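Participant: Provided below for reference: sequence and predicted model.
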Amino acid sequence: MTALVFEQFLSTPEIGAVFADAAIVQGMLDFEAALARAQAQEGVIPAQAVEAIADACRVECYELAPLIAAGSVAGTLAIPLVKQLTAQVAMRDAQAAGYVHWGSTSQDVIDTAMVLATKRAVALIDARLLDLLRAIVSLAQQHRDAPMLGRTLLQPALVISVGFKLVSWAAPLVRGRERFAAAATRALKLQLGGAVGTLSVMGDRGPAVARRMAAQLGLAAAPGNWHTQRDEWVALGCEAGLLAGSLGKIAKDISLLAQGEVAEVAEPSGGGRGGSSAMPHKRNPVASMTALAAALRTPHRVAALLAAMPQEHERGLGNWQAELAEWPGLFMSLHGAANALADAMANLTIDTARMRRNIDSLQGLVFAEGVSMLLAARIGKSRAHTLLEGWSQRAVAERVHLLNVAMSAVAADAELSQHVTPHALRDVFDADAVARRASASVQSQWDLIDKETR
């Protein structure tokens with residue numbers, strides 16, 4: 001029970017309901033009802049058997065706890081479910097009971113139920129990703145050209161813009177959504193093969209039954225069974241892992257920018273959100289926490305899916321079962337991360353004044369590259385770099401702004417003063433101009449992001 005409590009902290013009720021016991025069992029029953037209808041339409045089973053079978057395919061007809069317990073003994077949930085379904089049908093129509101699960105196999109039922117659940121999960125995740133993207137676009141519209149520090153190796157580097165920063169959050173999500181949707185299109189297919197995948201019981205009518213079933217269930221029809229062909233299915237899981245990683249990058253940036261010493265952004269607070277049991281002043285970035293937890297956990301799940309791919313012959317032993325156990329947690333973590341960040345991003349505080357103060361506190365050192373390039377065009381790159389190293393050291397040692405050091409040095413050097421004007425030097429230290437150029441450098445990416453979020 002404790003494990004479930006902590007799992008819920010990192011997920012959502014909506015995605016939990018998708019993979020709940022009742023939802024999976026109902027998906028299995030939906031498969032059985034669709035199988036009976038399709039087989040009757042193709043003349044594989046008597047048409048009069050369909051009503052009794054379909055009427056018994058309702059999850060409320062079954063006690064789930066003993067059913068799941070029986071599944072653990074049998075090695076698959078499908079065996080006790082089909083047994084109980086047959087008994088339920090027999091109470092309605094004894095003859096129809098003989099046509100339950102006709103020509104199918106346990107993996108057909110379970111894989112298709114998982115596909116049906118995953119289809120709903122993909123829709124939930126995509127909707128929250130779109131909400132998150134729109135919130136990022138809204139922030140960019142408000143603060144696009146505001147200067148902020150770019151940081152490399154966790155140290156101040158150069159001035160960028162808020163818009164430049166936000167692109168690094170949004171662009172991977174746009175690409176990730178596209179890949180996720182494409183992978184889902186390939187993966188979300190009916191599973192129907194029968195005992196070893198040949199549909200032998202249905203004869204030449206098997207493919208037509210499969211097409212009818214797929215249409216009824218709103219799934220793509222596979223060209224054949226994929227019992228041990230897990231490549232497209234696992235590819236969808238891998239794309240889920242990539243999206244979790246992209247969300248983790250956003251969360252990492254927010255959590256670092258929200259540190260008190262930096263204080264450039266803040267997640268929304270109030271109503272008990274992000275509080276501390278011991279320190280009333282704290283404003284913890286709990287949305288980032290959730291997304292970082294997903295980024296930490298999903299690689300292990302993806303690795304398990306990949307490890308489970310070499311499945312034996314026509315039905316895997318242990319590896320398919322491991323895949324099934326890992327699968328829901330991957331999508332639950334991803335939705336939890338997307339949901340948390342979408343909510344936080346919609347009310348994220350961006351403190352542009354603090355960003356400016358953090359730039360100013362560095363005594364102009366973040367403009368050293370710009371000064372070096374200005375000089376390099378006149379005196380060569382190597383000499384310019386050497387000069388800027390010395391000037392930067394002096395600015396730090398004397399606690400003087402680099403612009404003042406540069407102005408003094410240029411004025412004192414007859415050669416430099418012929419090539420570099422005070423006006424040109426001041427332009428290099430114009431944070432607003434630098435930020436506007438940073439924003440302009442990613443405009444083509446914003447055009448694509450805007451198109452995807454309209």
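Facilitator: It's in.
Participant: quick one, helices of the stretch 201-350 of the chain?
Facilitator: 206-217, 231-257, 286-307, 319-346 (DSSP state H, counting those that start in this stretch).
Participant: what's the pLDDT at Leu4?
Facilitator: Looking at Leu4, its pLDDT stands at 74.
Participant: That one: which element?
Facilitator: helix 2-9 (DSSP states H and E).
Participant: Repeat that for Ile160.
Facilitator: strand 155-161.
Participant: Give me the helices and strands touching that strand, please.
Facilitator: When contacts are defined as 3 or more CB pairs under 8 Å, 6 or more residues apart in numbering; DSSP states H and E, strand 155-161 sits against strand 147-152, helix 431-441. No exception for glycine: its C-beta is placed from N, CA and C like everyone else's.
Participant: Check which helices and strands the first one sits against.
Facilitator: When contacts are defined as 3+ CB pairs under 8 Å, 6+ apart, strand 147-152 sits against strand 155-161, helix 162-187, helix 352-360, helix 431-441.
Participant: before we move on, what about the longest one?
Facilitator: With contacts defined as 3+ CB pairs under 8 Å, 6+ apart, the packing partners of helix 431-441 are strand 147-152, strand 155-161, helix 162-187.
Participant: tell me how far that helix is from the chain's mean position?
Facilitator: 30 Å (CA atoms, centre = their mean, to the nearest Å).
Participant: residues in contact with that helix?
Facilitator: 144-148, 150, 158-164, 356, 359, 367, 370, 427 (CB atoms under 8 Å, 6 or more residues apart in numbering).
Participant: how about a cut-off of 6 Å?
Facilitator: Around helix 431-441, the neighbours that count as contacts under CB atoms under 6 Å, 6 or more residues apart in numbering are 144-145, 147, 159-161, 163-164, 359.
Participant: How about the first one?
Facilitator: The contact list for strand 147-152, computed with CB under 6 Å, 6+ apart, reads 156-160, 162, 355, 358-359, 431, 435.
Participant: closest to Leu334 among the residues you listed?
Facilitator: Of all the contacts of strand 147-152, Val162 has the smallest distance to Leu334: 26.5 Å, by CB to CB.
Participant: related to what we said a few turns ago, list the buried residues in the very next helix or strand once past the helix holding Leu4.
Facilitator: Beyond helix 2-9 on the C-terminal side, the first helix or strand identified by DSSP H and E is helix 13-18. Judged by neighbour count using 16 or more other CB atoms under 10 Å, the buried positions of helix 13-18 are 14-16, 18.
Participant: which regions of the chain sit below the pLDDT cut-off?
Facilitator: Within the chain, the segments meeting pLDDT under 70 span 1-3, 270-282.
Participant: what domains does the record give for it?
Facilitator: Domain assignment for the chain by automatic domain parsing gives 1-104+195-221, 115-189+226-351+444-454, 357-443.
Participant: Buried residues, stretch 75-93. List them.
Facilitator: Neighbour-count burial for stretch 75-93 flags 76-78, 80-82, 84-86, 88-90, 93 (criterion: 16+ other CB under 10 Å).
Participant: roughly how far out does it sit from the chain middle?
Facilitator: 37 Å.
Participant: for stretch 98-106, same thing?
Facilitator: Chain-centre distance of stretch 98-106: 37 Å, with CA atoms, centre = their mean.
Participant: Quick one: end-to-end distance for it.
Facilitator: 17 Å (CA to CA, to the nearest Å).
Participant: what's the following helix or strand after the helix or strand harbouring Glu32?
Facilitator: In this assignment (DSSP H and E), Glu32 forms part of helix 21-41. Following helix 21-41 in sequence order, the next helix or strand is helix 50-56 (DSSP H and E).
Participant: Contacts for that next one next, please.
Facilitator: Helix 50-56 has contacts (CB under 6 Å, 6+ apart) with 33, 36-37, 40, 85, 88-89, 92-93, 96, 100.
Participant: Could you do stretch 69-86 as well?
Facilitator: 28, 56, 62, 67, 97, 100-101, 106, 109-110.
Participant: Mind picking the two most distant members of those?
Facilitator: Checking the contacts of stretch 69-86 with CB to CB, the most distant pair is Ala97 and Ile110, at 21.4 Å.
Participant: re the thing from before, any idea which of the helices and strands packed on strand 155-161 is most buried?
Facilitator: With neighbours taken as mean count of other CB atoms under 10 Å, those reach their highest mean count in strand 147-152, at a mean of 20.
Participant: Could you give the separation of it from the chain centroid?
Facilitator: Its chain's C-alpha centre and that of strand 147-152 lie 25 Å apart, by CA atoms, centre = their mean.
Participant: could you give the angle of that strand to helix 352-360?
Facilitator: Here strand 147-152 points in a direction 60 degrees away from that of helix 352-360 (axes from the mean of the first three to the mean of the last three CA atoms, to 10 degrees).
Participant: Just the buried residues of the longest helix along the chain, please?
Facilitator: Ordering each helix of the chain by length in residues (DSSP state H) puts helix 106-143 first. By 16+ other CB under 10 Å, the buried positions in helix 106-143 come out as 106-122, 124-126, 128-137, 139-140, 143.
Participant: what do you get for stretch 193-201?
Facilitator: Across stretch 193-201, burial judged by 16+ other CB under 10 Å covers 193-195, 197, 199.
Participant: Could I get these in a markdown table, plus columns for distance to Ala171?
Facilitator: Below are these laid out as a markdown table (distance: CB to CB, whole Å):
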| residue | distance to Ala171 |
| --- | --- |
| Gly193 | 40 |
| Gly194 | 45 |
| Ala195 | 47 |
| Gly197 | 41 |
| Leu199 | 45 |
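Participant: just curious, which of the residues you listed is nearest to Thr290?
Facilitator: Closest to Thr290, out of all of the buried residues of stretch 193-201 and judged by CB to CB, is Gly193, at 38.9 Å.
Participant: you'd agree that closest one is up against Asn225?
Facilitator: Yes - Gly193 is within contact range of Asn225, at 2.7 Å (criterion: CB atoms under 6 Å).
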